[in-house]
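Colleague: generate a structure from the sequence data that follows.
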Amino acid sequence: MPSSRLPLKITGHTGAVIPLGRKTRFNDPAKISPNILFQQQQDFRQINLGMYFQKSPFVAGLWYRNRDAFIALVGIQQGLFKFGYSYDITVSRLTNATAGAHEVSFIMQLECKPKKKRFRTINCPSF
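Modeller: Down below sits the predicted model:
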């Protein structure tokens, strides 16, 4: 029986969230979030550079992908739910072959309960 091995795919993603002010009881400051996404599989390599801007509940962003496309996105986040729309703007020779690509996303992000810290007590010696 013939088999076909798929080459290993390596993915790395890093980013940060930088507040643009102080959080108060009445105001959540705007935030920017720079990101880098790296993917490689055999001879294929892709690097995406992106930036998000968030002023609750709205999010906007722009990504640059591998010298062939820009990705513009807008979204809204309310509680556990996120809704987004993005559009890939092709800037390479593929512009004539593709008119870009639309993407709509709906996400429900469940919150993780923080782990309770457990302290081990040390019995005091009795004299």
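Colleague: and the helix or strand hosting residue 47, what does it pack against?
Modeller: If you go by DSSP states H and E, residue 47 is part of strand 44-55. Judged by 3 or more C-beta pairs under 8 Å, 6 or more residues apart in numbering; DSSP states H and E, strand 44-55 is in contact with strand 31-41, strand 58-65, strand 69-78. The C-beta positions use only the backbone N, C-alpha and C, and glycine is treated the same way.
Colleague: okay, the angle between the last one and strand 58-65?
Modeller: Relative orientation of strand 69-78 with respect to strand 58-65: 160 degrees, computed using axes from the mean of the first three to the mean of the last three C-alpha atoms, to 10 degrees.
Colleague: list the buried ones in strand 69-78?
Modeller: By neighbour count on 16 or more other C-beta atoms under 10 Å, the buried set for strand 69-78 is 69, 71, 73, 75, 77.
Colleague: in its sheet, what does it sit against?
Modeller: The partner list of strand 69-78 in its sheet, established with DSSP bridges, is strand 58-65 (antiparallel), strand 81-90 (antiparallel).
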